[in-house]
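> Starting from these lines, generate the structure:
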Amino acid sequence: MAATAGGEPWREAWVRSLLRCPVDGAELRDVALADEVEGLACTDAGHRVAYPVIDGVPVLLADDAVPLS
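Sure thing, here's the model as predicted:
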């Protein structure tokens with residue numbers, strides 16, 4: 001098994017290419033949320049939300065999405 005960035009397999013390019021917004025299937029991009037929390041933002045202009053990364057794990061649940069302004 002190849003070493004991953006910081007021990008977080010979701011950061012691997014091939015895994016990132018599979019991660020999608022659970023609501024509309026759009027790609028996700030890195031974003032910083034409040035209190036230095038990492039997040040993954042939906043790239044669909046009509047769906048401005050981000051999903052938090054908690055303890056190195058992306059939480060891709062619609063109910064946990066954070067609205068972006």
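> going forward, measure contacts and count neighbours with C-alpha atoms only.
Will do.
> Spatially central, which residue of the protein would that be?
The residue lying closest to the centre of the chain (CA atoms, centre = their mean) is Leu40, at 2.6 Å.
> quick one: strands adjacent to the helix or strand hosting it?
Here Leu40, judged by DSSP states H and E, is contained in strand 38-42. The pairing partners recorded for strand 38-42 under DSSP bridges are strand 28-32 (antiparallel), strand 49-54 (antiparallel).
> Make a markdown table from the ones you listed and add mean neighbour count to it.
Output for those, formatted as a markdown table (neighbours: other CA atoms under 10 Å):
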| stretch | mean neighbour count |
| --- | --- |
| strand 28-32 | 15 |
| strand 49-54 | 21 |
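> rewinding a little: mind listing what's buried in the strand holding Leu40?
Glu38, Gly39, Leu40, Ala41, Cys42 (16 or more other CA atoms under 10 Å).
> now stretch 8-17
Pro9, Trp10, Arg11.
> what residues are up against the second one?
Taking CA atoms under 8 Å, 6 or more residues apart in numbering as the definition of contact, the neighbours of Trp10 are Arg16, Val57, Pro58.
> So which of these sit within strands?
The strands, defined by DSSP state E, take in Val57, Pro58 from those.
> just the contacts of Trp10 now: which is nearest Val23?
Pro58 (14.8 Å; CA to CA).
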